[in-house]
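>>> Pasting the sequence and the predicted coordinates here, then a few questions.
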Amino acid sequence: MNKNLNVNKKDQGEQNTSPAGDAGGQKRFKRVSEYGRQLEEKQKVKRMYGMREKQFKRFFKVAVATEGAPGANLLVLLERRLDNTLYRLKLATTRAQARQMIVHGHVVVNNKKVTTPSFLVAVGHTITLSEIAKKKTVFVEQNVDKRMNLSIRVPEWLELVKQDHAGKVLRYPSRNDVQVPIEEHLIVEMYSK
């Protein structure tokens with residue numbers, strides 16, 4: 001017999017594409033536990049609002065102490081954060097950019113400079129860009145004005161004044177104002193253990 005006919009696949013340079021320990025390369029459905037779902041939901045919300053665990057827990061404790069459903073209270077508190085409000089008013093392209101603008105002193109609430117992104121806005125607060133930020137025409141034209149002209153809707157709990165690069169809080173946000181699909185009951189269940 002000819003020995004060349006019995007050549008191994010690996011000798012020909014072909015590689016095994018299945019992961020190590022996987023018999024035949026068949027994918028198996030991995031069931032996610034209840035805790036896994038709860039953790040995934042909490043991590044999703046933390047990433048969305050750009051928060052760390054310690055700060056998120058603090059917000060959760062405030063939400064539990066407030067009258068009403070803890071999950072809905074948590075989302076309302078997160079929406080009221082200054083960095084999120086700035087983002088919702090279309091004065092920043094991302095929440096991270098809004099946070100940076102606040103920390104650098106480019107945001108004014110009721111004629112006072114605020115440098116804390118977690119500052120909670122209240123009904124009647126007026127949020128504007130500082131005069132220094134407004135003078136940075138490249139930033140304003142490339143980021144703020146460009147975003148303001150997009151068809152992104154400002155939530156009903158906020159009022160945008162485009163020409164002044166400002167906004168006003170008309171009322172507190174409600175659970176219905178959060179458009180992202182979030183299962184807040186999973187977060188409540190996780191922290192309630």
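All right, it came through fine.
>>> From now on I want contacts and neighbour counts done on CA atoms only, so please keep to that.
Will do.
>>> Tell me what residue 168 is bridged to.
Residues in a beta bridge with residue 168, per DSSP bridges, are residue 126, residue 159.
>>> Next, the contact list for residue 83, please.
Going by C-alpha atoms under 8 Å, 6 or more residues apart in numbering, residue 83 touches 95, 96, 98, 99, 102, 117, 118.
>>> please redo it, this time with the cut-off set to 6 Å
Residue 83 makes contact with 95, 98, 99, 117, according to C-alpha atoms under 6 Å, 6 or more residues apart in numbering.
>>> State the pLDDT value of residue 18.
As predicted, residue 18 sits at a pLDDT of 62.
>>> Next one: residue 49 from residue 192, what distance?
Residue 49 is 21 Å from residue 192, where distance means C-alpha to C-alpha, to the nearest Å.
>>> Settle it for me: which of those two has more neighbours?
Neighbour count, other C-alpha atoms under 10 Å: between residue 49 and residue 192, residue 49 has more, with 16 against 8.
>>> State which helix of the protein is the longest.
Ranked by residue count under DSSP state H, the longest helix found in the chain is helix 34-49.
>>> Show me how far whichever helix or strand comes after that helix is from its chain's centre.
Downstream of helix 34-49, the first helix or strand assigned by DSSP states H and E is helix 53-65. Relative to its parent chain, helix 53-65 has a centroid offset of 16 Å by C-alpha atoms, centre = their mean, to the nearest Å.
>>> which residues are in contact with the following helix or strand past helix 53-65?
Using DSSP H and E, the next helix or strand after helix 53-65 towards the C-terminus is helix 70-80. Here helix 70-80 makes contact (C-alpha under 6 Å, 6+ apart) with 60, 63, 64, 120, 121, 173, 175, 184, 185.
>>> With stretch 56-64 instead?
Against stretch 56-64 from outside (C-alpha under 6 Å, 6+ apart): 70, 73, 74.
>>> State the distance from the last one to residue 53.
The gap separating residue 74 from residue 53 is 14 Å, by C-alpha to C-alpha.
>>> what do you get for residue 157?
Distance from residue 157 to residue 53, counting by C-alpha to C-alpha: 27 Å.
>>> The two: which has the busier surroundings?
Higher neighbour count among residue 157 and residue 53: residue 157, with 14 against 11, using other C-alpha under 10 Å.
>>> Test my guess that the more buried one contacts residue 171.
Yes - counting by C-alpha atoms under 6 Å, residue 171 is a contact partner of residue 157 at 5.1 Å.
>>> so what's the residue sitting nearest the centre point of the chain up against?
Nearest to the geometric centre of the chain sits residue 48, at 1.8 Å (C-alpha atoms, centre = their mean). By C-alpha under 6 Å, 6+ apart, no residues touch residue 48.
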